[in-house]
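[1] Here is a sequence with its predicted model. Questions after.
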Amino acid sequence: MKRSEINTLMRNGLSFLKQMHFLLPPFATWTPEEWKTKGPECFEIIDAQLGWDITDFGKGDYYRCGLFMFTIRNGTMKELEKKQGKVYAEKILIVEEAQVTPTHFHYQKMEDIINRGGGNLVIQLWNSDEEEGLSRDDVFIRLDGVKTRVPAGGIVTLKPGESICLPQKLYHKFWGEEGKETVLVGEVSRVNDDFVDNRFFDPMGRFPEIDEDEVPLHLLYTDYKTYYTYYDRSARS
């Protein structure tokens, strides 16, 4: 992806979030120059991978295969080992009409996906088998607390206000329903670490390769290592 494209998506995303009355934390709009002035007080932002995450999954066609995310709160894998650790995470996502997030599951993260408003979110589901393939068995999930049976490869459509709970190792693929509006999607989950916890059915890149054709508007969390002076001194969780 070009940095100019990412910057445009950030501007559009901030506009959409404002329209939907959803506000991001202050660090969301820090500039690269502001990040260079920050000290150890920001270790949690770095270690918990908080912030902007925009990807085309290495496909080069964001609006066909891509996802806009911002991680608002998160723990770390180390926190899962503590009796009273921060074991939860929250994200806000923007999903465009017919924009696909490819088939994947998470090894340790259980998540609730919530349609916070806009259009409808379509989710396709499969159990994984012992070889991490697609099982032909029916899928049993909970929609707003109601146990629901879905055939392998079946589809669930979440209207605004509706949600689904996705357990670990359950393959899922989602997109905004065609002919509807952009979807604002909430995610509440266990600790999330996108560097180690994703299993895509078809191999692909989780993070984009970036063509730095202009200066970042705001930093993706993969940019912190470049602009945050104390990056190598973090990992204090």
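    Cool, the structure landed.

[2] Grab the most central residue of the chain for me.
    In the chain, the residue lying closest to the centroid (CA atoms, centre = their mean) is residue 69, at 4.6 Å.

[3] how about that residue, phi and psi?
    When read as degrees, to the nearest 10, the backbone of residue 69 gives phi -140, psi 150.

[4] how close does it get to residue 207?
    Applying CB to CB, to the nearest Å, the value for residue 69 to residue 207 is 11 Å. The way it works is simple: take the backbone N, C-alpha and C, and place the C-beta from them, glycine included.

[5] shared neighbours of these two, which are they?
    residue 55 (CB atoms under 8 Å, 6 or more residues apart in numbering).

[6] quick revisit: so the residue nearest to the centre of the chain makes contact with residue 51?
    No: with contacts counted by CB atoms under 8 Å, residue 69 stays clear of residue 51, the gap being 9.5 Å.

[7] okay, stretch 81-89 in CSV with CA atoms only?
    Below are the C-alpha coordinates for stretch 81-89, written out as CSV (Å, rounded to 0.1, in the frame of the first residue of the first chain):
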residue,chain,number,x,y,z
GLU,A,81,-0.3,-15.8,32.7
LYS,A,82,-1.1,-13.5,35.6
LYS,A,83,-4.0,-14.2,38.1
GLN,A,84,-5.1,-10.6,37.7
GLY,A,85,-3.7,-9.6,34.3
LYS,A,86,-5.4,-7.5,31.7
VAL,A,87,-6.8,-10.3,29.6
TYR,A,88,-9.2,-8.4,27.4
ALA,A,89,-9.0,-6.2,24.2
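
[8] how near is the residue nearest to the centre of the chain to residue 13?
    The span separating residue 69 from residue 13 equals 10 Å under the rule CB to CB.

[9] repeat for residue 158
    The gap separating residue 158 from residue 13 is 20 Å, by CB to CB.

[10] Repeat that for residue 208.
    Note on residue 208: its distance to residue 13, by CB to CB, is 15 Å.
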